[in-house]
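J.: compute the structure for the input listed below.
(one chain, ligands or ions: 2)
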Amino acid sequence: MLPPEHVLTRDLADWLPRQRWFGGKDAPIEELSIGIATELLAGDPGLHHLVLDVRQNGASDRYQVLLGVRRDLPDRLRYARIGAPPDGGAKEQVYDAAHDPDLTRTLLEDLAAGASVGPLRFRHVPGARIRTDLTSLPITAEQSNTSLLFGDDYICKLFRRLSDGINLDLEVNLALTRAGCEHVPAVHGWIELEEADGAGGEPVTLGLLSDYLRTGADGWSLAIASVRDWFAHTTQPEEDEWAELDASAAGGDFAAEAERLGAATAQVHRALADAFGVTVVPADEIRAMAARMNAELTRTCRDVPGLAPHAKALTGAYIDLAAQAGPLAVQRVHGDYHLGQVLRSESGWTLLDFEGEPARTQRERRALSHPLRDVAGMLRSFEYAARFLITRSGTVPLESGGHLETRAHAWAARNRAAFCRGYAAAGGADPAAHAVLLRAFEFEKAVYEVRYEARNRPAWLPVPLKSLAHLTA
Ligand SMILES: Nc1ncnc2c1ncn2[C@@H]1O[C@H](COP(=O)(O)OP(=O)(O)O)[C@@H](O)[C@H]1O
Ligand SMILES: O=P(O)(O)O[C@H]1O[C@H](CO)[C@@H](O[C@H]2O[C@H](CO)[C@@H](O)[C@H](O)[C@H]2O)[C@H](O)[C@H]1O
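T.: Ligands and ions are numbered 1, 2, ... in the order given. So this is what the prediction gives:
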C-alpha cells in the first residue's frame with residue numbers, strides 16, 4: 001500500500017532535487033503532486049508508476065518515477081530510499097525502484113507481452129523476441145535520465161523529465177533502425193503513456209529498450225585516455241619547441257578514431273536527411289538565428305559574469321554570420337552532440353541520445369538545424385577533453401599548467417582537424433568551407449555550456465571558460 005499522498009509528496013519533493021537527472025535544480029519546488037499513479041505489481045514488494053507534476057517558477061514539468069514499496073527495505077536498497085524511514089514498524093517504505101531488479105523485471109515481461117496496464121502501453125517492434133530472464137543494473141554514469149542494463153542484451157532508458165508526445169530519442173532511433181542505419185543501437189521496444197489530453201492525442205514516451213553494445217567504450221573515456229597519454233609523453237621539448245608540438249607523437253593518438261567518428265557522423269546526417277527530409281530556409285531566418293544567439297549570450301553574461309570578457313568576440317562571430325547570411329538547407333540533427341554521446345565498439349562508432357540539449361524547450365530541440373551544429377558540438381567536446389585534466393582533475397601539477405595548455409591545444413587541433421576531414425570525406429558539408437557558420441555554432445554551444453555548467457556542475461565552469469579564452473584570443 002502507498003503511504004498517504006501528503007506524506008509521499010512531501011518525501012518526493014525532498015528527494016527529487018537531489019537526483020542528478022532532476023532538471024530544475026536552480027529553483028525551489030513550489031508544488032508537487034502525483035498526476036497519474038499506476039500499479040504495475042501488487043504485493044510486497046509492490047511497484048507503482050508515478051507521473052509527478054512539479055511546479056517551479058510558475059511553470060509545470062512532469063517527471064517519471066518508478067516507486068518501489070516494501071515493508072522491510074533490505075540494506076542493498078537503503079541508498080535508494082525516498083523520504084524518511086518509518087517511525088513505527090507498520091508503515092511501508094518507498095524507494096526508487098529503478099535500483100531493484102526484483103521489480104524492474106516486470107518492465108521486460110510487459111514489453112515482451114505487449115501489455116497494457118492502465119494508461120501505460122508496452123510496445124515492441126514487430127518480430128522482436130524480448131528475453132525476460134535478465135537482471136537489471138542501473139548505469140551509474142552522470143545522466144539526464146536513468147538507464148538500466150538488462151544482462152548483456154538490452155539497455156532500457158527511462159526518461160525522467162517527460163515531454164509531450166513521442167520522445168525525440170525514440171522517434172529518431174526507430175526511424176534510423178528501420179532505415180538500417182548501422183550507427184545507432186537497434187530499438188526493440190518502448191513504453192508509452194496514453195492520455196486523453198496528450199499533445200495532438202500522441203502518447204507520451206516513457207522508456208526505450210535498445211540493443212546494449214557491451215563492448216562499447218564511450219568517446220569521452222577514450223579521448224581522456226589519449227590526452228592523459230599525450231600529457232605523460234616522456235620527451236620534454238626544449239622551451240622554444242613547445243609551439244611546434246606534434247600530437248601524433250603520443251602512443252594513445254586519437255586522430256584515426258576522430259576521423260572515423262567524423263565519417264560516422266556524416267553518414268548519420270545523411271540517414272536523418274533521408275528519413276525526415278531537408279528544408280531550405282531563407283537568409284532572414286539565419287539573421288534571426290544570429291540575433292537569438294546574441295540574445296542568449298547577453299542573458300548568460302548576466303547570470304554568469306565570468307563569460308563577459310569573451311562577449312565582444314562572440315558577438316563579432318554572430319555579426320559575421322548575419323552579414324554573410326544566405327539560404328541554408330536544414331534538417332533533423334543530433335542536437336547535443338559530444339564525446340559522451342558516442343560509443344566505439346568492434347563494429348565502429350555508434351551515436352546515442354538524440355534528445356537534444358536537456359536545458360532547451362521541446363520546441364527548440366525539435367527545430368531543424370544545419371548539420372554543422374553537431375560538428376561544432378563535437379569540436380567543443382575535443383576542447384573539453386583536451387583541457388579537462390588541466391582544469392578539473394587536480395591530478396596535474398599546477399606549475400606545469402602553462403606547458404600543458406600548449407599540449408592541450410595541440411591535441412584539440414589535431415583531433416578537430418581529423419574529425420572534420422572524416423566528416424567531409426564521407427559526404428558531409430565541408431567544415432572548412434563554412435568557417436563563419438561553424439564558428440558561430442561553436443560559440444553558441446560554448447555559451448550553452450557555460451550556463452549548463454554554472455547550473456549543474458559549477459566545478460566544471462572553468463573548462464568552457466578556459467577554452468573560450470583560447471578560442472577568442
Ligand atoms: N545502446 C547502448 N549500449 C551501451 N551503452 C549505452 C547504450 N546507450 C547508452 N549507453 C551508455 O549510457 C550512457 C548514457 O546514455 P544516454 O543515452 O546519453 O543517456 P542520457 O540521456 O541520460 O544522458 C552513455 O554515455 C553510454 O555510456
Ligand atoms: O549528455 P547529456 O544529454 O546529459 O548532455 C548534457 O550534459 C553533458 C555533460 O554530461 C554536457 O556536455 C559537456 O560536458 C562534456 C564532458 O562531460 C563535454 O564532452 C561536452 O562537450 C560538453 O558540452 C552537455 O553539454 C549537456 O547538454
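J.: which of the three states applies to residue 259?
T.: Here residue 259 is helix, with the state taken from DSSP: H, G, I helix; E, B strand; the rest coil.
J.: tell me which residues touch it, please.
T.: Listed by CB atoms under 8 Å, 6 or more residues apart in numbering, the contact partners of residue 259 are 418, 419, 421, 422. All C-beta atoms are positioned from the backbone trio N, CA, C, and that covers glycine.
J.: from these, which is closest to ligand 2?
T.: Nearest to ligand 2 among the contacts of residue 259, counting by CB to the nearest ligand atom, is residue 419 at 12.6 Å.
J.: tell me how far the closest one lies from ligand 1.
T.: Distance, residue 419 to ligand 1, by CB to the nearest ligand atom, to the nearest Å: 18 Å.
J.: helix or strand for that residue, just tell me which one.
T.: Using DSSP states H and E, residue 419 falls within helix 401-425.
J.: any weak-confidence spans in the stretch 101-250 of the chain?
T.: Residues of the stretch 101-250 of the chain meeting the criterion pLDDT under 70: 142, 196-200, 234-250.
J.: ok, which stretches of it are helices?
T.: Listed in chain order, the helices of the stretch 101-250 of the chain (DSSP state H, counting those that start in this stretch) span 101-113, 168-178, 219-232.
J.: tell me the contacts of residue 271?
T.: By CB under 8 Å, 6+ apart, residue 271 lies in contact with 176, 179, 181, 183.
J.: quick one: the closest residue to residue 330 other than its chain neighbours from ligand 2, how far?
T.: Closest residue to residue 330 apart from its sequence neighbours, by CB to CB, 6 or more residues apart in numbering: residue 368 at 4.0 Å. According to CB to the nearest ligand atom, residue 368 stands 19 Å off from ligand 2.
J.: same question, residue 31
T.: For residue 31 relative to ligand 2 (CB to the nearest ligand atom), the value is 26 Å.
J.: so that residue is in contact with residue 55, correct?
T.: Yes: checked against CB atoms under 8 Å, the pair residue 31 and residue 55 is within contact range at 4.0 Å.
J.: which of the two has more residues huddled nearby?
T.: Between residue 31 and residue 55, counting by other CB atoms under 10 Å, residue 55 is the more crowded of the two (15 against 11).
J.: which helix or strand contains that one?
T.: Using DSSP H and E, residue 55 falls in strand 46-56.
J.: what secondary structure does residue 63 sit in?
T.: Assignment for residue 63 (three-state DSSP): strand.
J.: circling back to that earlier point, and the contacts of residue 259, which two are furthest apart?
T.: Using CB to CB, those span at most 7.3 Å, a distance reached by 419 and 421.
J.: neighbours around the residue nearest to residue 330, how many?
T.: Around residue 368 there are 16 residues (other CB under 10 Å).
J.: who's in contact with it?
T.: 279, 281, 330, 331, 332, 333.
J.: near ligand 1, which residues of the stretch 301-450 of the chain?
T.: Residues of the stretch 301-450 of the chain lying close to ligand 1 by CB under 6 Å from any ligand atom are 340, 341, 343, 352, 353, 355.
J.: burial count for the fourth one?
T.: Same thing as residue 352. 22.
J.: excluding chain neighbours, what is closest to it?
T.: Using CB to CB, 6+ apart, the closest residue to residue 352 is residue 341 (5.1 Å).
J.: now do the first one
T.: Among residues not flanking residue 340 along the chain, residue 220 sits closest, at 4.5 Å (CB to CB, 6+ apart).
J.: what's the answer for the fifth one, then?
T.: The shortest distance from residue 353 to any non-neighbouring residue, by CB to CB, 6+ apart, is to residue 341 (5.0 Å).
J.: count of neighbours near the one you found?
T.: For residue 341, using other CB under 10 Å, the count is 22.
J.: tell me the contacts of it?
T.: Contacts for residue 341 (CB under 8 Å, 6+ apart) come out as 219, 334, 351, 352, 353.
J.: thinking again about what came up before, who touches both of residue 419 and residue 421?
T.: Joint contacts of residue 419 and residue 421 (CB under 8 Å, 6+ apart) are 259, 262.
J.: of those two, who's got more company?
T.: The neighbour comparison of residue 419 against residue 421 (other CB under 10 Å) goes to residue 419, with 26 against 18.
J.: so which residue of the stretch 201-350 of the chain comes closest to ligand 1?
T.: Closest point on the stretch 201-350 of the chain to ligand 1, by CB to the nearest ligand atom, is residue 213, at 3.7 Å.
J.: how many residues are close by that residue?
T.: Residue 213 has 17 neighbours, counted by other CB under 10 Å.
J.: for ligand 2, see how far away it is.
T.: Residue 213 is 17 Å from ligand 2, by CB to the nearest ligand atom.
J.: residue 388 too?
T.: 7 Å.
J.: so that residue sits against residue 227, correct?
T.: Yes: the pair formed by residue 388 and residue 227 meets the contact definition of CB under 8 Å, at 7.3 Å.
J.: can you put the contacts of residue 259 in a markdown table and add pLDDT?
T.: As requested, the contacts of residue 259 are exported to a markdown table (pLDDT from 0 to 100):
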| residue | pLDDT |
| --- | --- |
| 418 | 97 |
| 419 | 98 |
| 421 | 98 |
| 422 | 98 |
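J.: of the residues you listed, closest to ligand 1?
T.: Among these, and counting by CB to the nearest ligand atom, the member closest to ligand 1 is residue 419, at 18.4 Å.
J.: and residue 68, which of the three is it?
T.: strand.
J.: specify the angle between the host helix or strand of residue 469 and helix 401-425 in degrees.
T.: Taking DSSP H and E as the criterion, residue 469 maps to helix 462-471. Interaxial angle, helix 462-471 versus helix 401-425 (axes from the mean of the first three to the mean of the last three CA atoms, to 10 degrees): 80 degrees.
J.: so for residue 328, what's the pLDDT?
T.: Predicted confidence (pLDDT) at residue 328: the value is 96.
J.: one step back: is it true that the residue of the stretch 201-350 of the chain closest to ligand 1 touches residue 185?
T.: Yes: the criterion here is CB under 8 Å, and residue 213 meets it with residue 185 at 6.1 Å.
J.: who touches both of the two?
T.: residue 350.
J.: hmm, the helix or strand hosting residue 344 touching ligand 2?
T.: Using DSSP H and E, residue 344 falls within strand 342-345. No: Strand 342-345 is not in contact with ligand 2 by CB under 6 Å from any ligand atom; minimum separation 10.0 Å.
J.: what is that strand packed up against?
T.: Contacts defined by 3 or more CB pairs under 8 Å, 6 or more residues apart in numbering; DSSP states H and E place strand 342-345 against strand 217-218, helix 219-232, helix 255-276, strand 348-351.
J.: rounded mean pLDDT for stretch 383-395, please.
T.: For stretch 383-395, mean pLDDT rounds to 79.
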